[in-house]
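Undergrad: what's the 3D shape of this:
(one chain, ligands or ions: 2)
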Amino acid sequence: MSAPLIELQEIEKHFGPVIALAGVSLSVMAGECHCLLGDNGAGKSTFIKTMSGVHKPSYGRILVDGKEVTFNDPRDAMAAGVATVYQDLAMIPLMSVTRNFWMGREPERRIGPIKVFDHKKAGAITVEEMAKMGIHLRSADQAVGTLSGGERQTVAISRAVYFGARVLILDEPTSALGVRQTANVLSTIDAVRKKGIGVVFITHNVRHALAVGDRFTVINHGKTLGTAKRGEINAEQLQDLMAGGRELVELESSLGGTV
Ligand SMILES: Nc1ncnc2c1ncn2[C@@H]1O[C@H](COP(=O)(O)OP(=O)(O)OP(=O)(O)O)[C@@H](O)[C@H]1O
Ligand SMILES: [Mg+2]
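TA: Ligands and ions are numbered 1, 2, ... in the order given. Next up is the predicted model:
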């Protein structure tokens with residue numbers, strides 16, 4: 001079997017006296033959606049920032065294609081094909097879909113000695129890439145701010161894919177969305193996985209995770225509680241692990257039902 005695209009082993013991250021991560025491990029295979037679940041403060045954001053080169057781990061190893069690497073900054077992670085779509089999406093609402101898609105990487109066209117943004121080419125590619133993810137734009141000139149939340153997620157995802165992501169990290173992409181838009185984003189994740197890209201899907205929502213996940217890693221208080229494959233764990237067990245197990249059982253009995 002080939003090596004994982006990326007593997008993080010026993011990552012620890014200390015911020016002065018605060019231990020945000022105390023031993024988290026996770027690997028991502030090509031074409032797999034690996035869900036990372038954990039309650040508030042569990043360490044999810046700190047972990048993906050380590051994976052994307054924003055934080056350097058205090059201890060632990062990062063391997064890309066089986067070889068140990070050091071990410072000194074996010075550019076190193078991007079060069080290794082690790083792309084992160086953060087919750088705020090880093091988009092400018094008043095700018096067009098095309099401009100947002102190409103931000104910082106504009107294709108140029110020459111008119112005599114002058115280089116200009118090749119708007120036509122950029123727009124056509126944007127529409128085509130979005131269509132591959134199941135979103136059929138009326139116009140790539142419309143402002144990103146006029147798209148739905150799910151469509152905006154898809155712009156960010158298709159942009160990362162187009163620019164060569166091998167591992168795509170999605171930080172809570174469905175947390176602010178309604179049912180239909182969530183379904184759109186989940187099917188986008190499925191389309192990305194089918195291209196052979198490895199997806200790390202961070203979520204609080206057990207049902208969203210179970211809908212697309214191939215493997216599930218639960219972290220609690222900065223530690224991995226375990227990793228399970230699809231079919232090995234159900235919603236109740238995942239929910240229970242996320243809440244740290246015992247705490248949830250106690251809460252359920254005091255509320256007299258299922259949380
Ligand atoms: N820069 C920092 N300095 C000090 N402590 C930090 C820093 N970043 C994170 N922490 C601490 O690390 C712990 C984990 O935080 P993190 O943001 O990774 O959790 P999370 O799982 O993403 O939570 P949420 O679901 O609320 O986004 C928290 O206790 C947090 O206060
Ligand atoms: Mg977070």
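Undergrad: low pLDDT regions in the stretch 51-200 of the chain?
TA: Judged against pLDDT under 70, the stretch 51-200 of the chain has no low-scoring part.
Undergrad: Enumerate every residue touching whatever residue of it ends up closest to ligand 1.
TA: In the stretch 51-200 of the chain, no residue comes nearer to ligand 1 than Glu172, which is 7.4 Å away by Cβ to the nearest ligand atom. C-betas here are computed from N, CA, C, even on glycine. Listed by Cβ atoms under 8 Å, 6 or more residues apart in numbering, the contact set of Glu172 reads Gln87, Ile202, Thr203, His204.
Undergrad: 10 Å instead?
TA: Contacts for Glu172 (Cβ atoms under 10 Å, 6 or more residues apart in numbering) come out as Lys44, Ser45, Val85, Tyr86, Gln87, Phe201, Ile202, Thr203, His204, Asn205, His208.
Undergrad: and what of His204?
TA: His204 is in contact with Leu37, Gly38, Asp39, Asn40, Ala42, Lys44, Glu172, Thr174, Ser175, Met242, counting by Cβ under 10 Å, 6+ apart.
Undergrad: secondary structure class for the closest residue in space to Ile197 that isn't next to it in sequence?
TA: Once its chain neighbours are removed from consideration, Ile197 has its nearest residue in Leu168; the separation is 5.5 Å (Cβ to Cβ, 6 or more residues apart in numbering). Using DSSP: H, G, I helix; E, B strand; the rest coil as the criterion, the local structure at Leu168 reads strand.
Undergrad: What's the local residue count around Leu168?
TA: Leu168 has 25 neighbours, counted by other Cβ atoms under 10 Å.
Undergrad: And the residue of the stretch 51-200 of the chain closest to ligand 1, how close does it get to Asp73?
TA: From Glu172 over to Asp73 the distance is 23 Å, taken as Cβ to Cβ, to the nearest Å.
Undergrad: Could you do Gly226 as well?
TA: 31 Å.
Undergrad: for Pro17, same thing?
TA: Taken as Cβ to Cβ, the spacing of Pro17 relative to Asp73 amounts to 25 Å.
Undergrad: neighbour-wise, which of these two wins?
TA: Counted by other Cβ under 10 Å, Pro17 and Asp73 do not tie: Asp73 has more neighbours, with 11 against 5.
Undergrad: can I assume Val116 is in contact with Arg110?
TA: Yes - contact status for Val116 versus Arg110: in contact at 7.7 Å, counting by Cβ atoms under 10 Å.
Undergrad: Can I have the buried ones of the contacts of His204 as a ChimeraX selection?
TA: Written as a ChimeraX command, the selection of buried residues from these, which uses 16 or more other Cβ atoms under 10 Å, is:
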select :37,38,39,42,44,172,174,242
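Undergrad: Looking at the contacts of His204, spot the one nearest Val127.
TA: Distance from Val127 was checked for each of these by Cβ to Cβ. The minimum falls on Thr174, at 24.2 Å.
Undergrad: for ligand 1, what are the nearby residues on the stretch 1-150 of the chain?
TA: When proximity is defined as Cβ under 6 Å from any ligand atom, the stretch 1-150 of the chain approaches ligand 1 at Phe15, Val18, Ala20, Gly38, Asn40, Gly41, Ala42, Gly43, Lys44, Ser45, Thr46.
Undergrad: Redo these as TSV? Include pLDDT and secondary structure.
TA: Rendered in TSV, the data for these read as follows (pLDDT from 0 to 100; DSSP: H, G, I helix; E, B strand; the rest coil):
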residue	pLDDT	secondary structure
Phe15	95	strand
Val18	94	strand
Ala20	96	strand
Gly38	91	coil
Asn40	87	coil
Gly41	89	coil
Ala42	91	coil
Gly43	94	coil
Lys44	93	helix
Ser45	92	helix
Thr46	94	helix
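Undergrad: on that earlier part again, tell me the spacing between the residue of the stretch 51-200 of the chain closest to ligand 1 and Val85.
TA: Distance, Glu172 to Val85, using Cβ to Cβ: 10 Å.
Undergrad: Could you do Met91 as well?
TA: Per Cβ to Cβ, Met91 is found 10 Å from Val85.
Undergrad: Between the two, which contacts overlap?
TA: Common contacts of Met91 and Val85, defined by Cβ under 10 Å, 6+ apart, comprise Val155, Ala156, Arg159.
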